[in-house]
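Chemist: Here you go, sequence then predicted model.
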Amino acid sequence: MGIHEVPERMIRDLKGTFKRDTVSALLAAHDGALRARVLPDVKDSRGMRRRAVELSGTDLEPVVLNVDAETYLVSSQSYVAGGQGAPLVEEEFGDYKLIDGVQIAFAASVSQYGRKVLERRVTSIRINAPLN
């Protein structure tokens, strides 16, 4: 279909997606670019206790990370996509594997209005792999 201009709304959505990336968001909070606020613990859909942390900033709507209280891995995140009145998006992460000293979620699913709309599975990841 060729090359097309990306509409402004899609550019905003893409920027939000990159800012909500778990690693990027946590690094931004560490550097003070995002505010972090500890929320009361929550129970996930399986009844497991999770620690909740809200990240927000001037150019990022609040994102709530649910962290496993024992492993400190992010089990899910939720946010409102597109501002007020837009759907609540919930992303769940699992199948963590240790790759070069970094725990990476190899499985994720996305739900809107409580209905799963996307599942993704990573088959392999290499960190700092040499380039051809």
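Modeler: Received the coordinates, thanks.
Chemist: Quick one, grab the pLDDT at G83.
Modeler: Per-residue confidence for G83 comes out at a pLDDT of 65.
Chemist: which residues of the protein fall in strands?
Modeler: Taking DSSP state E, the strands of the chain run over residues 35-43, 49-57, 60-68, 74-80, 88-99, 102-112, 115-121.
Chemist: low-confidence ranges in this structure?
Modeler: Scanning the chain with the threshold set as pLDDT under 70 gives 82-83.
Chemist: go with 80
Modeler: Counting by pLDDT under 80, the ranges of the chain that qualify are 1, 9, 12-13, 16, 45, 81-85.
Chemist: Who's the closest spatial neighbour of R35, skipping the chain neighbours?
Modeler: With sequence-adjacent residues excluded and distances taken as CB to CB, 6 or more residues apart in numbering, R35 is closest to S56, at 5.4 Å. For the C-beta atoms, the positions are set from N, CA and C on the backbone; glycine is no exception.
Chemist: count of neighbours near the one you found?
Modeler: Here the neighbour count serves as a burial measure; for S56 (other CB atoms under 10 Å) it reads 17.
Chemist: who touches it in this structure?
Modeler: 34-35, 37, 62-63 (CB atoms under 8 Å, 6 or more residues apart in numbering).
Chemist: Redo these as CSV? Include neighbour count and distance to Q84.
Modeler: As requested, the contacts of S56 are exported to CSV (neighbours: other CB atoms under 10 Å; distance: CB to CB, whole Å):
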residue, neighbour count, distance to Q84
L34, 22, 20
R35, 14, 19
R37, 12, 19
P62, 15, 12
V63, 23, 15
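Chemist: which among the residues you listed gets closest to M10?
Modeler: Taking CB to CB as the measure, V63 is the one of the contacts of S56 closest to M10, at 19.5 Å.
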